[in-house]
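Asks: Dropping the sequence and predicted coords here.
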Amino acid sequence: MPNGIIGKKLGMTRIFDPDGMAVPVTVIEAGPCFVAQVKSRARDGYEALQLGFDRLPLTKVNKPLKGHFEKHGSKSGFRFLREFRLDGPGEYETGQEITLEQFAIGDRVEVIGTSKGQGFTGTIKRWNFHRGPMTHGSMSHRAPGSIGASAYPSRVVKGKKMPGQSGNARVTAKNLEVVDVRPEDNLLLVKGAVPGPRQGLLLIRKAG
């Protein structure tokens, strides 16, 4: 069984545990996924399953992907493809369905997604810099200040915290607890927040 599944974030809500405590949870539509390709060490150099999520008619995918799906015997296309490494993928076959059966209440998972993009931002919003004084003739309010040395090394050091693109990056939320599993609805409820907007693509993997 692959150690993960593909899903999408539906949003956040809360549920109440047996003690009556409110628990914030993220609702994830996880699967069903389908095996699009079985990769072997002899042919591909490593062993993995390529899983497809969110079925599409073959007429809705581009020609390279259509050829890929037809080559491996898939009867439909998929909006998303991701690979999961595992040992001995030979027991799987193209088209086989992968569901939430590998997850149980109390499991620890890591959720990988793309964080919300904030656009081009300054150092105050991006790196939590302090602003300068707003009175007494100050002319440095939200400017980042000095960014480099003088004679040596006479350049800006790599990795300096500067204005730039904020968000829209791959983020992994680790050690999240599975609060509820609802296989009949393909729903996974995990405690806390996960990266990305609603309807954003997620990879859910068992921790460790």
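Replies: Yep, that arrived.
Asks: Going by C-alpha atoms from here, please, whenever you check contacts or count neighbours.
Replies: OK.
Asks: All the helices of this structure, residue numbers only.
Replies: 41-44, 63-71, 123-127 (DSSP state H).
Asks: can I get the CA coordinates of the second one in CSV?
Replies: The reference is to helix 63-71. Taking Å, rounded to 0.1, in the frame of the first residue of the first chain, the C-alpha atoms of helix 63-71 are listed here in CSV:
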residue,chain,number,x,y,z
LYS,A,63,-2.1,14.9,-26.4
PRO,A,64,1.1,13.9,-24.5
LEU,A,65,-0.9,12.9,-21.4
LYS,A,66,-3.5,11.2,-23.6
GLY,A,67,-0.8,9.1,-25.1
HIS,A,68,0.6,8.3,-21.7
PHE,A,69,-2.7,7.2,-20.3
GLU,A,70,-3.5,5.1,-23.3
LYS,A,71,0.0,3.5,-23.3
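Asks: Which other helices and strands does that helix contact?
Replies: Secondary-structure packing of helix 63-71 (3 or more C-alpha pairs under 8 Å, 6 or more residues apart in numbering; DSSP states H and E): strand 77-85.
Asks: what's the strand it packs on in contact with?
Replies: Residues outside strand 77-85 that contact it (C-alpha atoms under 8 Å, 6 or more residues apart in numbering): 2-4, 6, 47-58, 60-61, 65-66, 69.
Asks: Emit the PyMOL select command for whichever of those residues are buried.
Replies: Buried members of the contacts of strand 77-85, defined by 16 or more other C-alpha atoms under 10 Å, are picked up in PyMOL with:
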select buried, resi 2+4+6+47+48+49+50+51+52+53+54+55+58+61+66+69
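Asks: before we move on, back to that, need the helices of the chain in JSON lines (columns: mean pLDDT and distance to residue 148).
Replies: Below are these laid out as JSON lines (pLDDT from 0 to 100; distance: least, C-alpha to C-alpha, whole Å):
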{"stretch": "helix 41-44", "mean pLDDT": "85", "distance to residue 148": "47"}
{"stretch": "helix 63-71", "mean pLDDT": "88", "distance to residue 148": "48"}
{"stretch": "helix 123-127", "mean pLDDT": "95", "distance to residue 148": "15"}
